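> I'd like to go over a predicted model; first the sequence, then the structure.
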Amino acid sequence: MKIENLPFYWRLKEEGSPNIVPNHLPFEFDFVEDLQLIIQKRNSQTLNYLKEIYRAEYNIGYLQDTNEIAKPYGNDFMEFIEKTLGNWGKHISSILEVGCGGCTILNELNQKGYKTIGIDPSPIAQRDGSTKGIKIISDFFPTNKFTNKVDLIFHSDVLEHVSDSVNFLANQKQQLTPDGLVIISIPDASEGIENGDSSMAMHQHLNYFDVNSLKNTVEAAGLKVLTIEAANYGGSLYCCAQNVSDREYEPKQGRSKFNLFSQKTERNLRAIGEELNRTLVDKSKSVGFYVPLRTLPYISSIKVYEGFRFFDDTNHWHKRAFDGIDIYIENFDELKAKPVTDLFIMSLTFGDLIKNKIKNQIPEIERITTLHEMLN
């Protein structure tokens, strides 16, 4: 499955703000058989652009103080960290976070008395770390600017962005004290893989983990998996692993997982694209998409970038647009004030919740369809 011109999402622009990278780049899925891991096919040009945006003023880190909708995600991950420290981390005193975003979790741990430090190339992490009194190393991990060993390394929504995830974790193992821990939070791609859902495709995500491939990746780095759990909020996987003596990893074999996924994604991309196109060309219809980020692969597959509206409940997305698609995002109140005839809700995690809310409060909408319904 290949999308020739998928918007290169790294920010939400305000009107007239220039882009520092191309608006569109091709996207294609690939597979690491040894890990049974579905990935974005590596493209050197895309990787270079990703490095550029991670150093930019507007980074894509989710856990920031200004992001209200991210708070329940951060609170849930913090509860997992506290539970993990209670179970396996009573010896922990020094903590490193890789990819700090707004330093929200690092700040909580700092206030609990842990010795904390962060590594992140973004100026946002530098600024927020300085405000909160947390030292931030401005670089990508690993870095020769910080080589000290620590008791715990953690990261939230980072591993999916890393080109070589095994080497990334192996380098963390080298900076851990004996019996030190790694705690990981990543988007759970299990449902997307099972359903053949292209909506998860975005250039910033290089890896698409389920429980199996996450376990394989962590073990291939020489770490011992202590637990992998589904988050209590949202669609994330949490993992805790321990630095023990060198462990041999047995590479996995077989491509049936990827072959089945490829067949499903190609079929769904074609079928959903045809359904969207039929609705969009019908002049009697007005069309809207809820959760627009997940919409991009499907509208890109039919090469339609106008003639619809975008809606989302994320406050800081309001009245902003993706580079390459000049559709400025509206909120629920604006949908209520001016309903569309046909609304597509492009979220597997929250689709039913959003649908029920809209059905109850905006009965004028003639047709509400969830992504899950289209995939099935």
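Happy to help now that I have it.

> got the contact list for Ser284?
The contact partners of Ser284, by Cβ atoms under 8 Å, 6 or more residues apart in numbering, come to Thr341. For every residue, glycine as well, the C-beta is placed using N, CA and C.

> with Asn148 instead?
Asn148 sits next to Ser94, Gln175 when contact means Cβ under 8 Å, 6+ apart.

> helix or strand for it, which one?
Applying DSSP states H and E as the criterion places Asn148 outside every helix and strand.

> what's the burial count for the nearest residue to Phe332 once chain neighbours are set aside?
Closest residue to Phe332 apart from its sequence neighbours, by Cβ to Cβ, 6 or more residues apart in numbering: Asp313 at 6.1 Å. Taking other Cβ atoms under 10 Å as the neighbour definition, Asp313 ends up with a count of 15.

> which SS state does the nearest residue to Gly307 once chain neighbours are set aside fall under?
Leaving out its chain neighbours, the residue that sits closest to Gly307 by Cβ to Cβ, 6+ apart is Leu280, at 5.5 Å. The assignment at Leu280 comes out as helix when based on DSSP: H, G, I helix; E, B strand; the rest coil.

> show me what contacts Leu280?
Leu280 makes contact with Val287, Val304, Gly307, Phe308 under the criterion Cβ under 8 Å, 6+ apart.

> ok, of the residues you listed, which one's closest to Asn107?
Checking the contacts of Leu280 against Asn107 by Cβ to Cβ gives Phe308 as the nearest, at 39.7 Å.

> got the confidence number for that closest one?
You'll see Phe308 listed with a pLDDT of 98.

> how close does it sit to Asn5?
For Phe308, the distance to Asn5 (Cβ to Cβ, to the nearest Å) stands at 17 Å.

> check Ile53 too.
Relative to Asn5, Ile53 is positioned 18 Å away (criterion: Cβ to Cβ).

> neighbour-wise, which of those two wins?
Comparing Ile53 with Asn5 by other Cβ under 10 Å, the one with more neighbours is Ile53, at 20 against 16.

> mind checking which helix or strand the more buried one is in?
Using DSSP H and E, Ile53 maps to helix 44-54.

> where does this protein have its least confident helix or strand?
Of the helices and strands making up the chain, the lowest-confidence element is helix 123-131, at a mean of 90, by mean pLDDT, DSSP states H and E.

> just the buried residues of that helix, please?
If you call a residue buried by 16 or more other Cβ atoms under 10 Å, then helix 123-131 has these buried ones: Ile124, Ala125, Gln126, Asp128, Gly129.

> stretch 238-255 now?
Applying 16+ other Cβ under 10 Å to stretch 238-255 flags Tyr238, Cys239, Cys240, Ala241, Gln242, Asn243, Tyr249, Lys252 as buried.

> stretch 105-122 too?
For stretch 105-122, the buried set under the neighbour-count rule, 16+ other Cβ under 10 Å, comprises 105-110, 114, 116-122.

> thank you kindly, that will do.
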